[in-house]
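>>> have a look; sequence and predicted model below, questions after that.
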Amino acid sequence: MLDYPISPVSFTNVKINDPFWKPRIDINRNETIPYAFRQCEDNHRIENFENAAKSLAGEKGFKFQGGYPFDDTDVYKIIEGASFCLAVEYDEKLDHYLDTLIEKIAAAQEPDGYLYTARTIDPDHPHEWAMGGRWVKTPEHSHELYNLGHLYEAAVVHFEATGKRSLLEIALKSAELLLKDFGWGKVEKEPGHQIIEMGLCQLYRVTGDQKYLGLAHFFLEVRGKKAGKAYFQRHLPVLEQKEAVGHAVRATYMYSGMADIAALLGDKKYLKAIDTLWENVVTKKLAVTGGIGATHDGEAFDKNYILPNATCYNETCAAIANVYWNHRLFLLHGHTKYLDILELCLYNGIAASVSLSGKEFFYVNPLEWDGKWNFNRHTQGRQPWFECSCCPSNLTRFLASIARYAYAVKENSIFVNLYAAGTAEIEIDGQTIHITQETNYPWDGKIKLTIDSETPDILSLKFRIPGWSQGRPVPSELYRFLALSSESPSLLINGTKADLSIQDGFATISREWKNGDEISLNFPMPIQKVITDDKVETNTGLIAFQRGPLIFCAEEVDHTSSVLKIEISKEDEFVTEQTNDLGGVVILKSTNRQEQMTLIPYHAWNNRGNGEMAVFFKYHP
């Protein structure tokens, strides 16, 4: 089967045990996922499946409850997250709960495979977005296929995690209906909200059946054949789109699906198209935190270089989709620039989206707040749930799967993509390699890796050298450091300094690795001032602060005067300080200002109550 030239190491073979990610992964498993399921119960998401089943059994009088017809996806996404958790650490109670939930989903599925509670509960009076019969005439308002995309992804993960086919059979039955109804000469419509393209590619991988891949390809090819709104990416055929426009989550889910087609069909036209779109985003439409989608108007990309701070949207789901897309591009190209964006999203835009308790969330991730505006889906600060809760449910599945991004393999090469304490067991070239990482990353840049190989052989280990450690906050000129550091990364093997020759962002060491070999990496982490391309007018004369992969911000709670009015001079000096606050973070403190300035990692903001926050500050050179 043709696939990505680079293969990620399965998350089940990677155990993360570091002070940054492990608490978040544990909280997601023990707190956020059970909490999210309770929210689905309390907010009628699960009841909708129960009522759809009753309606199919001939009972009358039920109505779809909830604000949106895509509420079904909250249940699917949390099932996916729970399945990831089961694969890592088995929980009999959770396993049984999923079995019961899947039985309810199966009962809500119509005999021919149709599954959409917003219509099935009361077909004569469905949700307003589901009117007009199946596969409604205005696909941009339909979420039938969006729901199924999330179902398919959850079904594959559940099957791979548990070996059970219960949810997978529901997905396959649904997909057979799509194959019957959609295609050239049949229903020639694109999904209203993209993701089914990725879901169908997952079904293809798990079954090997080419027809699912063909349908995914069709859903991309049919888009834009009849010109529609750019908001839905319907303005042009996908291969002719050169600028990221419209709803940011729809767009980046689509780009991820295009990457799957490029890999699974070996289609160079698709590869060229997503490369062009990536270049547009990274050079003109990316927030300093890795967020995308600059405007509340449509949760969408804005024009090139329009990147406001207070009014930006930067939806949590869009940051997650940005990781999906960049990871796929890395698997296609093998360059660290995609991993640099992935890491930026991980430690900033995504880590900020859930509170330290795991039970409060950001839908919107601004870079500045006056402490008053209802920026977060019409509310202030982090919220325990939303009527539209795509972001909290998306976080449950994403945080459970972070380990899948750490390592990858190609032929006799192992890629070390992320630095996090823990272990990995990697099958490569007929042998098993064990890697142990010890590090306090991202708080410092010292990493020790120990190799265990019972059968010494020549292998290439490829260590990602982060762009920020080479003077580049992002792989473009959109952001740059005000001054370059004189310190450089270093690499030692068994205590002996090795040549750090970098290609495609990786330092590659090829040798016969023996049991107990040690690699020491050191990435100096000076405090850096970040400036923005002059074309971004909102950031003219402003700077942000970065240390390692982390972007920093100032919060009202640490200051006596407004953080929105802070001005930085060239003479201002800052030092790092390790604290036990906010889960144990490194903060930046000024040493020579009349009023001391304290900067915390952006991902930690709004955990101590509401108040002003700023990432960018006026700078006097």
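Cool, got the structure. Note that the structure is a prediction, hence the values are computed from the model and not measured.
>>> low-confidence ranges in the stretch 401-550 of the chain?
Within the stretch 401-550 of the chain, no range satisfies pLDDT under 70.
>>> would you agree residue 38 falls within a helix?
Yes: counting by DSSP: H, G, I helix; E, B strand; the rest coil, residue 38 is located in a helix.
>>> ok, residue 245 - contacts?
230-231, 233, 235, 251, 300-301 (C-beta atoms under 8 Å, 6 or more residues apart in numbering). Where you see a C-beta, it was placed from the backbone N, CA and C, and this is true even at glycine.
>>> nearest residue to the middle of this structure?
For the chain, the residue nearest the mean C-alpha position is residue 320 (2.0 Å; C-alpha atoms, centre = their mean).
>>> which residue ranges of the stretch 351-500 of the chain form helices?
Along the stretch 351-500 of the chain, counting by DSSP state H, counting those that start in this stretch, helices occupy 390-399.
>>> wait, the stretch 201-350 of the chain
Assigned by DSSP H, counting those that start in this stretch, the stretch 201-350 of the chain shows helices spanning 210-221, 248-264, 268-284, 316-333, 336-344.
>>> what's the closest of those helices to residue 38?
helix 316-333 (20.0 Å; C-beta to C-beta).
>>> would you mind writing the CA trace of the closest one as CSV?
Below are the C-alpha coordinates for helix 316-333, written out as CSV (Å, rounded to 0.1, in the frame of the first residue of the first chain):
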residue,chain,number,x,y,z
THR,A,316,-8.4,25.9,19.4
CYS,A,317,-9.7,23.4,16.7
ALA,A,318,-7.7,25.4,14.1
ALA,A,319,-4.5,25.0,16.1
ILE,A,320,-5.1,21.2,16.4
ALA,A,321,-5.8,21.0,12.6
ASN,A,322,-2.6,23.0,12.0
VAL,A,323,-0.7,20.2,13.8
TYR,A,324,-2.4,17.5,11.7
TRP,A,325,-1.5,19.3,8.6
ASN,A,326,2.1,20.1,9.5
HIS,A,327,2.7,16.6,10.7
ARG,A,328,1.5,15.2,7.4
LEU,A,329,3.8,17.6,5.5
PHE,A,330,6.7,16.4,7.6
LEU,A,331,5.9,12.8,6.8
LEU,A,332,5.9,13.8,3.1
HIS,A,333,9.0,15.9,3.0
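>>> between that helix and helix 336-344, how big is the angle?
With axes from the mean of the first three to the mean of the last three C-alpha atoms, to 10 degrees defining the directions, helix 316-333 sits at 160 degrees from helix 336-344.
>>> correct me, but residue 197 touches residue 252?
No: the pair residue 197 / residue 252 is not scored as a contact, 11.9 Å apart, by C-beta atoms under 8 Å.
>>> count of residues packed around the closest residue to residue 520 other than its chain neighbours?
Of all residues not flanking residue 520 in the chain, residue 492 sits nearest, at 4.3 Å (C-beta to C-beta, 6 or more residues apart in numbering). As a burial measure, residue 492 scores 14 neighbours (other C-beta atoms under 10 Å).
>>> with residue 103 instead?
By other C-beta under 10 Å, neighbour count at residue 103 equals 13.
>>> do residue 481 as well
By other C-beta under 10 Å, 17 other residues sit near residue 481.
>>> pretty sure it sits against residue 526.
No: between residue 481 and residue 526 there is no contact, the gap being 9.2 Å when judged by C-beta under 8 Å.
>>> need the residues touching each of those two.
In contact with both residue 481 and residue 526: no residue, using C-beta under 8 Å, 6+ apart.
>>> pipe the helices of the stretch 201-350 of the chain into TSV and attach distance to residue 532 and mean pLDDT per row.
Output for the helices of the stretch 201-350 of the chain, formatted as TSV (distance: least, C-beta to C-beta, whole Å; pLDDT from 0 to 100):
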stretch	distance to residue 532	mean pLDDT
helix 210-221	34	98
helix 248-264	19	98
helix 268-284	11	98
helix 316-333	19	98
helix 336-344	15	98
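>>> ok, the residue nearest to residue 478 when sequence neighbours are not counted - contacts?
Closest residue to residue 478 in three dimensions, ignoring its sequence neighbours and counting by C-beta to C-beta, 6+ apart: residue 533, at 5.1 Å. For residue 533, the contact set (C-beta under 8 Å, 6+ apart) comprises 305, 477-479.
>>> any of these buried? List them.
Buried by 16 or more other C-beta atoms under 10 Å: 305, 478-479, out of the contacts of residue 533.
>>> now render those as TSV, adding distance to residue 413.
TSV is the format used below for the buried ones among the contacts of residue 533 (distance: C-beta to C-beta, whole Å):
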residue	distance to residue 413
305	38
478	30
479	30
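>>> just those: which are in strands?
Judged by DSSP state E, strands contain the following of those: residue 479.
>>> reformat the helices of the stretch 201-350 of the chain as CSV; add distance to residue 363.
Formatted as CSV, the helices of the stretch 201-350 of the chain follow (distance: least, C-beta to C-beta, whole Å):
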stretch, distance to residue 363
helix 210-221, 27
helix 248-264, 11
helix 268-284, 21
helix 316-333, 6
helix 336-344, 20
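>>> and these: which comes nearest residue 129?
helix 248-264 (15.0 Å).
>>> any idea how far the residue nearest to residue 478 lies from residue 283?
8 Å (C-beta to C-beta, to the nearest Å).
>>> okay, and the common contacts of those two?
In contact with both residue 533 and residue 283: 477-478, using C-beta under 8 Å, 6+ apart.
>>> I figured the residue nearest to residue 520 was touching residue 519, is that so?
Yes: using C-beta under 8 Å, residue 492 is in contact with residue 519, at 7.1 Å.
>>> picking that back up, looking at the helices of the stretch 201-350 of the chain, which is nearest to residue 66?
The nearest among these, by C-beta to C-beta, is helix 316-333 at 17.9 Å.
>>> what about that closest one, distance to the chain center?
Relative to the centre of its chain, helix 316-333 is centred 7 Å away, using C-alpha atoms, centre = their mean, to the nearest Å.
>>> now swap in stretch 188-202 and tell me
Relative to its parent chain, stretch 188-202 has a centroid offset of 18 Å by C-alpha atoms, centre = their mean.
>>> which of the residues in that stretch are buried?
For stretch 188-202, burial by neighbour count (16+ other C-beta under 10 Å) applies to 189-202.
>>> the stretch 101-250 of the chain: strands as residue ranges?
Under the criterion DSSP state E, counting those that start in this stretch, strands are not mapped anywhere in the stretch 101-250 of the chain.
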